[in-house]
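> Task: produce atomic coordinates for the following.
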Amino acid sequence: MDFWVLFVVMYSFIFSGVIGYPLNDQIGTLPGQPIVNFRQFSGYIDVDPEAGRSLFYYFVEAENDPKNQPLTIWLTGGPGCSSVGDSFVGVGPFITTNDARGLERNPHAWNNVSNILFIDSPVGAGWSYSNTSDDYIVGDHSTNNDLVTFILKWFEKYPIFKSRDLYVCGASYAGHFVPNFVNSLLQYNKQSMNFKFNIKGLALGNPVLRYKLDLLAEQELYASEGMISRVLHQQILKRCNGVNEDNYSNNVGPWSESCQQAMGISQMIAFNVTSVDQSRQRQFDISRTPCDGTMEDLKSGKEITKVIDGCDLCLTVRPNFYFNIPEVQKVFHANRTNLKFEWSGCIPMSGLKYNPTDIYNDMLPTLKQILQQSVPITIFSGDVDGAIPLIGNSEHVKKLAKDMNMNLTKNETWNHENKQEGGLLYLYGDLLTFMTVKGANHHVPLSRPSQALYIFSNFVIN
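The predicted model follows:
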């Protein structure tokens, strides 16, 4: 065979399908990982080299036909939780084994239908870091600026995805991250003479949109479920007078101290505990008791799992062990500065300080700007979430639809596998969708993974 023909054949064999991918970031096989037919990549994007500020990412190819599937970005809230860690509890291709020393396939992984990019954001979340201490004092504005810089640089590494259909999804405080990010990308499109982001939609699970009202919605949920008395609920409303959907933007800021005290007492009564901290741990799922397994159990070689109503409540605990295994960090190309503190999925030990007033920001104006540019929005909410109850999100969506003059065009139950009832579906106009998820807690992909994949596949990307 002619030398040049042989060279072309060998080159195509070795590099076919990897043009446009950074091979240095490719993951071989994660420790304890089952064999898969898709590729994984991870590493850092330096969003500010001078300050030494870098965001960590984990990218997973679509399992089938990745060259023609869309790209989806997943952002986790907190603020300060790890999106990469979150990928191992519902959305990503794997979940940890019960002893947290290996991995199993997630049958409801979103890379069944899309390429998925998980970004640890802001700095201080997961493995994202900075060499400048002031960078750990962050808020909505700085977080968003870093995300925009990140994705522009990420596309330089992965140019074949620049023209793909793009979806941006997230949960909880990503109700701030995702709309701000998408809105900035749309603004970029208006100014760019060349490259434009091909944004096709966004999806938010149990999002923080109007937090001050969400705190009132918690109390309404407790009263409706019989967790507190109606008399106590009325007393709280009287003490916390002054804010509703119409005047929210004029009342941004925390509730009064007396109002917060009343809410704290109510939470303790609702969950029959003796401290507000205990009640907050229970808020994320009002129908199931939390995982009682610990890191010490895992370190001693024990398995931890607690399956209630099909939901393994220890799934969020086990990655805290797996991601601290040195070999896992090495294969992940993570912790490149050899940070001394332990990796934590949702309680950053990095000194992250998020602006405490940003949580009260009203996100409806930003969502409105996105809808005005004909970008579809899907919001889904678990009906046993006590942290950001669907009672509140439902009202926020109604307010948004009213402001946009969008009429309710569909109001029905929706079904998923084997025609099981998934929840309720409300469609406003043809761009705004609100879905409830029966039996789902604050983290829908964790507690109802099949339903979450169904929503993503059928109502977001289709």
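
> going forward, measure contacts between C-alpha atoms and count neighbours the same way
Will do.

> contacting residues around S229?
Contacts for S229 (CA atoms under 8 Å, 6 or more residues apart in numbering) come out as A223.

> let me fix that: K299
Here K299 is in contact with F321 (criterion: CA under 8 Å, 6+ apart).

> ok, L390 touching D383?
Yes - if you go by CA atoms under 8 Å, L390 and D383 touch, sitting 6.1 Å apart.

> Quick check: neighbours shared by the two?
In contact with both L390 and D383: T436, using CA under 8 Å, 6+ apart.

> out of the two, which sits in the more crowded spot?
Counted by other CA atoms under 10 Å, L390 and D383 do not tie: L390 has more neighbours, with 27 against 24.

> Show me where this protein dips below the pLDDT cut-off.
Counting by pLDDT under 70, the low-confidence segments of the chain come to 1-20, 339-341, 348-350.

> If we use 50, what do you get?
Residue ranges of the chain with pLDDT under 50: 1, 3, 5-17.

> Does I269 touch A223 like I think?
No - assessed by CA under 8 Å, I269 is found out of contact with A223, at 11.0 Å.

> if I pick W414, what's in contact with it?
Under the criterion of CA under 8 Å, 6+ apart, the neighbours of W414 are E421, G422, G423, L424, L425.

> which of those lies closest to T316?
Using CA to CA, G422 is the member of the contacts of W414 that lies nearest T316, at 23.1 Å.

> OK, contacts around the closest one?
Applying CA under 8 Å, 6+ apart, we find G422 in contact with T413, W414, N415, H416, T436, V437, K438, Q451.

> mind checking how far the closest residue to it other than its chain neighbours is from K438?
Excluding its sequence neighbours, the residue lying closest to G422 (CA to CA, 6 or more residues apart in numbering) is N415, at 4.8 Å. Distance from N415 to K438, counting by CA to CA, to the nearest Å: 10 Å.

> Between these two, which contacts overlap?
Counting by CA under 8 Å, 6+ apart, the contacts common to N415 and K438 are E421, G422, G423.

> Using a markdown table, lay out the residues you listed together with distance to L71 and secondary structure.
As requested, these are exported to a markdown table (distance: CA to CA, whole Å; DSSP: H, G, I helix; E, B strand; the rest coil):
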| residue | distance to L71 | secondary structure |
| --- | --- | --- |
| E421 | 29 | strand |
| G422 | 26 | strand |
| G423 | 27 | strand |
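
> any idea how far stretch 104-123 is from the chain center?
On the basis of CA atoms, centre = their mean, to the nearest Å, stretch 104-123 sits 10 Å off its chain's mean C-alpha point.

> Check the separation of the first and last residues in it.
Start-to-end span of stretch 104-123 (CA to CA) is 29 Å.

> Please list the residues outside the helix or strand hosting F59 that contact it.
Here F59 sits within strand 53-60, counting by DSSP states H and E. Contacts of strand 53-60 from elsewhere in the structure, counted by CA under 8 Å, 6+ apart, are 38-48, 84, 92-93, 111, 115-123, 126-132, 135, 150, 334.

> In TSV, list the shared contacts of N415 and K438 along with distance to R280.
Shown next, in TSV, are these (distance: CA to CA, whole Å):
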residue	distance to R280
E421	29
G422	27
G423	26
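
> Which one of these is nearest to F323?
Nearest member of the shared contacts of N415 and K438 to F323, counting by CA to CA, is G422, at 32.7 Å.

> Give me the distance between the closest residue to Y136 other than its chain neighbours and L202.
In space, and not counting its chain neighbours, Y136 is closest to L352: 4.8 Å by CA to CA, 6+ apart. Noted for L352: a distance of 27 Å to L202, by CA to CA.

> Neighbour count: those two, which is higher?
Between L352 and L202, counting by other CA under 10 Å, L202 is the more crowded of the two (24 against 21).

> Quickly list what that one is bridged to.
V168, I377 (DSSP bridges).

> can you tell me which residues contact it?
L202 sits in contact with Y167, V168, C169, V178, V182, V375, P376, I377, T378, V460, where contact means CA under 8 Å, 6+ apart.

> make it 7 Å
The neighbours of L202, taking CA atoms under 7 Å, 6 or more residues apart in numbering as the test, are Y167, V168, C169, P376, I377, T378.

> And for D383?
With the criterion set at CA under 7 Å, 6+ apart, D383 makes contact with L390, T436, V437, K438, G439, A440, N441.

> The last one against D285, yeah?
Yes - look at N441 against D285 with CA atoms under 7 Å: they come within range, at 5.0 Å.

> Give me the common contacts of those two.
With CA under 7 Å, 6+ apart as the test, N441 and D285 both reach V384, D385.

> For these two, work out which one has more neighbours and name it.
For N441 versus D285, neighbours defined as other CA under 10 Å are more numerous around N441 (28 against 22).

> show me where the stretch 51-200 of the chain has strands.
Using DSSP state E, counting those that start in this stretch, the strands of the stretch 51-200 of the chain run over residues 53-60, 71-76, 94-96, 103-105, 115-119, 137-138, 166-171, 199-205.

> circling back to that earlier point, what's the angle between the strand holding F59 and strand 71-76?
120 degrees (axes from the mean of the first three to the mean of the last three CA atoms, to 10 degrees).

> could you give the angle of strand 53-60 to strand 115-119?
Strand 53-60 and strand 115-119 are oriented at 150 degrees to each other (the same axes, to 10 degrees).
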